[in-house]
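**Q** My questions concern the predicted model and sequence given below.
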Amino acid sequence: MKFIEMTGATLDQIINDGELHTTDLKSAGVDATSIVRVNQHGDIEVRRAVKWDVIGGLLGNFEERIKQTTGCDWA
């Protein structure tokens, strides 16, 4: 599976209405410096000490939003 990694702060910029919100990010343990990744299906995962946890998903044209905001491609 390919992903694009980013910080929690970057993810917060990408999220649209109907997706995770700042309060949801906080309750999932994501802050501005957290390492998160999104796969090509839009699933959002946060890096924990020993594993990745799925915390939600993005909808719609998330690929365009992610690539534009991060400047990265799937890896």
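**A** Yep, that arrived. Numbering: from 1, shown residues only.

**Q** CA atoms for contacts and neighbours, from now on please.
**A** Will do.

**Q** what's the next secondary structure element after the lowest-mean-pLDDT helix or strand in the chain?
**A** Using mean pLDDT, DSSP states H and E, helix 22-27 stands out as the lowest-scoring helix or strand of the chain, at a mean of 84. As assigned by DSSP states H and E, the chain's next helix or strand after helix 22-27 is strand 35-39.

**Q** What is the burial count for residue 5?
**A** A count of neighbours around residue 5, defined by other CA atoms under 10 Å, yields 22.

**Q** what sits against it?
**A** Counting by CA atoms under 8 Å, 6 or more residues apart in numbering, residue 5 makes contact with 35-38.

**Q** redo that, cut-off 10 Å
**A** For residue 5, the contacting residues are 11, 35-39, 44-46, 66, 70, 72-75, by CA atoms under 10 Å, 6 or more residues apart in numbering.

**Q** and stretch 7-23, which residues are buried?
**A** Across stretch 7-23, burial judged by 16 or more other CA atoms under 10 Å covers 7-12, 14-15, 20, 22.

**Q** likewise stretch 38-55?
**A** Result for stretch 38-55 [16+ other CA under 10 Å]: buried residues 38-39, 42, 44-46, 55.

**Q** Please identify which of the residues you listed is nearest to residue 1.
**A** Using CA to CA, residue 39 is the member of the buried residues of stretch 38-55 that lies nearest residue 1, at 6.9 Å.

**Q** rewinding a little: so which of the buried residues of stretch 38-55 are in strands?
**A** 38-39, 44-46, 55 (DSSP state E).

**Q** Relative to residue 27, which of the residues you listed is nearest.
**A** residue 55 (9.8 Å).

**Q** circling back to that earlier point, which two from the buried residues of stretch 7-23 end up farthest apart in space?
**A** Between any two of the buried residues of stretch 7-23, the greatest separation by CA to CA is 14.8 Å, found for 7 and 20.

**Q** and residue 47, bridged to which residues?
**A** For residue 47, the beta-bridge partners under DSSP bridges are residue 52.

**Q** I figured it hits residue 35, correct?
**A** Yes - taking CA atoms under 10 Å as the definition, residue 47 is a contact partner of residue 35 at 5.6 Å.
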